[in-house]
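K.L.:
Here's my sequence, what's the structure:
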Amino acid sequence: MRHRLVELAGNQAYIASAARFVVFCADMNRHKIACGMHDAKMLSGYTEQFITATVDCALFAQNVITAAQSLGIEGVYIGGIRNSIQAVTELLELPHLVYPVFGMCLGYPAQNPEVKPRLPLSVILKKDRYSDDNDTNAISEYDSQVREYYKTRTGGNKDSTWSEQISEMLVKEARPHIKDYLKSRGYILR
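P.N.:
The predicted structure is shown next:
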């Protein structure tokens, strides 16, 4: 099964080599079961339910990686499982109202790479009101740090910045099949 997941996620070898690979799923099926236990007809398909199920899934995954790191285990998120989301759904035999959000490789790291720089807190955390007055300058400074990190980390093979990567990613369609897939699973109907 794991080798099939490698293929479906765009041939990401980490999936095969990780000590553990976990797929995190948004799950409204358990809510349907709970309603059934009380003879309550569940109303589904609301966008709010989609958001809640997805956020719950992400929070759980973050707790898993935090717990793993406390034991010296590291993790890598794999969003590529959404490349072929229907095939992943079939492979995992997921019921209606359940969809795979992302995977996570877990294991003891074979190397100890330098920690990648993160966006400045001022770009992420806003106080009292949203203001992006200094974000361009902060992102520009961050881009310089990221470029240097990649040059050092890859021996000069990667010369890119965060904003360049985001710009390249957001000028093309991103998994356009997801909307119809989510509707077929009972999400985002209203």
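K.L.:
Provide the contact partners of the top helix by length along the chain at residue level.
P.N.:
Residue-count comparison of every helix in the chain, with assignments taken from DSSP state H, identifies helix 47-70 as the longest. Helix 47-70 has contacts (Cβ atoms under 8 Å, 6 or more residues apart in numbering) with 22, 24-28, 31, 74-75, 77, 101-102, 104, 106, 182, 187-188, 190. C-beta here means a position set from N, CA and C on the backbone, and glycine is covered the same way.
K.L.:
domains in this protein, as residue ranges please.
P.N.:
2-112+173-184, 113-159 (automatic domain parsing).
K.L.:
Just say which of these is most tucked in.
P.N.:
Among these, domain 2-112+173-184 has the highest mean neighbour count (mean count of other Cβ atoms under 10 Å), at a mean of 15.
K.L.:
Distance from the chain centre to that one, please.
P.N.:
8 Å (Cα atoms, centre = their mean, to the nearest Å).
K.L.:
how far does it stretch from start to finish?
P.N.:
25 Å (Cα to Cα, to the nearest Å).
K.L.:
which SS class is Val101?
P.N.:
For Val101, the reduced secondary structure class is strand; criterion used: DSSP: H, G, I helix; E, B strand; the rest coil.
K.L.:
On the three-state scheme, Pro95 is what?
P.N.:
Using three-state DSSP, the three-state assignment for Pro95 comes out as coil.
K.L.:
Now do the same for it: its pLDDT.
P.N.:
With respect to pLDDT, Pro95 scores 98.
K.L.:
where does this structure dip in pLDDT?
P.N.:
Scanning the chain for pLDDT under 70 picks out nothing.
K.L.:
Could you tell me which of the contacts of helix 47-70 belong to strands?
P.N.:
Within the contacts of helix 47-70, residues falling in strands by DSSP state E are 22, 24-27, 74-75, 77, 101-102, 104, 106.
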